[in-house]
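# sequence? don't have it. structure:
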């Protein structure tokens with residue numbers, strides 16, 4: 001488990017050797033809210049029906065919002081009054097989930113946190129993936145050793161940089177980090193959990 005604190009914002013992400021049930025019972029929060037993720041671009045307030053939902057937000061304190069991932073990104077955004085967390089895989093990114101999250105805030109956003117996800121060092125893609133990209137998104141493809149890799153970190157940061165004052169990136173890749181779950185490494189059912197909440 002990694003625990004980060006930025007002002008009144010707490011963020012935790014789990015690792016392979018964590019006892020998640022024990023961890024969740026130990027958290028000093030009222031609720032832990034998880035959406036039913038479908039790789040959509042939908043973001044809802046935590047009190048809503050969270051079916052077909054890949055992002056949650058709240059303006060309440062001590063409400064923990066969570067996302068499960070195993071190569072996709074978990075992104076936390078806050079102005080320290082409102083909080084949102086989104087599940088940002090390539091489908092969600094290309095369909096606008098980051099823009100939808102940014103639009104929840106009227107002004108410049110103070111802080112963004114990028115949990116571990118599949119990075120351009122390891123995220124190899126094929127032609128069936130590339131055909132989903134618009135021409136302007138081709139710049140996020142990297143050629144190495146006759147293979148093509150997708151830079152999710154670059155496209156995420158480019159979408160955030162004009163609206164977010166500070167971007168904190170863990171800079172960890174789920175594929176090449178042995179203690180993180182990765183679908184591409186064969187972790188079909190297991191997921192890492194990223195949780196965020198604002199204190200009073």
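Received, thanks. Bear in mind the structure is a predicted one, so any value in this text is a computation, not a measurement.
# contacts and neighbour counts: CA atoms only from here.
OK.
# those helices in this protein, which residues are they?
Under the criterion DSSP state H, helices of the chain are mapped to 20-26, 90-95, 97-102, 127-130, 152-160.
# and the last one, what's buried?
Buried residues in helix 152-160, defined by neighbour count with 16 or more other Cα atoms under 10 Å: 152-153, 155-156, 160.
# CSV for the helices of the chain, including distance to residue 11?
CSV is the format used below for the helices of the chain (distance: least, Cα to Cα, whole Å):
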stretch, distance to residue 11
helix 20-26, 13
helix 90-95, 22
helix 97-102, 18
helix 127-130, 31
helix 152-160, 19
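# okay, those helices in TSV with mean pLDDT and distance to residue 43 next?
As requested, the helices of the chain are exported to TSV (pLDDT from 0 to 100; distance: least, Cα to Cα, whole Å):
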stretch	mean pLDDT	distance to residue 43
helix 20-26	87	23
helix 90-95	97	11
helix 97-102	98	7
helix 127-130	95	24
helix 152-160	98	17
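# among those helices, which is the most enclosed?
helix 97-102 (a mean of 20; mean count of other Cα atoms under 10 Å).
# counting contacts, what elements does it pack onto?
Helix 97-102 sits against strand 43-45, strand 83-88, helix 152-160, with contacts defined as 3 or more Cα pairs under 8 Å, 6 or more residues apart in numbering; DSSP states H and E.
# can I get those in TSV with distance to residue 143?
Compiled in TSV, the helices and strands packed on helix 97-102 are given as follows (distance: least, Cα to Cα, whole Å):
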stretch	distance to residue 143
strand 43-45	33
strand 83-88	23
helix 152-160	14
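# residues contacting the residue most central in space within the chain?
The centroid of the chain falls nearest to residue 74 when counting by Cα atoms, centre = their mean (1.1 Å). Going by Cα atoms under 8 Å, 6 or more residues apart in numbering, residue 74 touches 67-68, 85-88, 114-117, 194.
# next, count neighbours for the closest residue in space to it that isn't next to it in sequence.
Spatial nearest neighbour of residue 74, excluding adjacent residues (Cα to Cα, 6 or more residues apart in numbering): residue 87 at 5.0 Å. A count of nearby residues for residue 87, using other Cα atoms under 10 Å, gives 31.
# wait, residue 87 touches residue 72, no?
Yes - using Cα atoms under 8 Å, residue 87 is in contact with residue 72, at 6.9 Å.
# any idea of the mean pLDDT in stretch 56-73?
Averaging pLDDT along stretch 56-73 gives 97.
# distance of the residue nearest to the centre of the chain from residue 80?
Distance from residue 74 to residue 80, counting by Cα to Cα, to the nearest Å: 18 Å.
# same check on residue 9?
Distance of residue 9 to residue 80, computed by Cα to Cα: 7 Å.
# just residue 127 next, same as before
With Cα to Cα as the criterion, residue 127 and residue 80 are 41 Å apart.
# now residue 126
40 Å.
# which of these two has more neighbours?
Per other Cα under 10 Å, whichever of residue 126 and residue 80 has more neighbours is residue 80, with 18 against 11.
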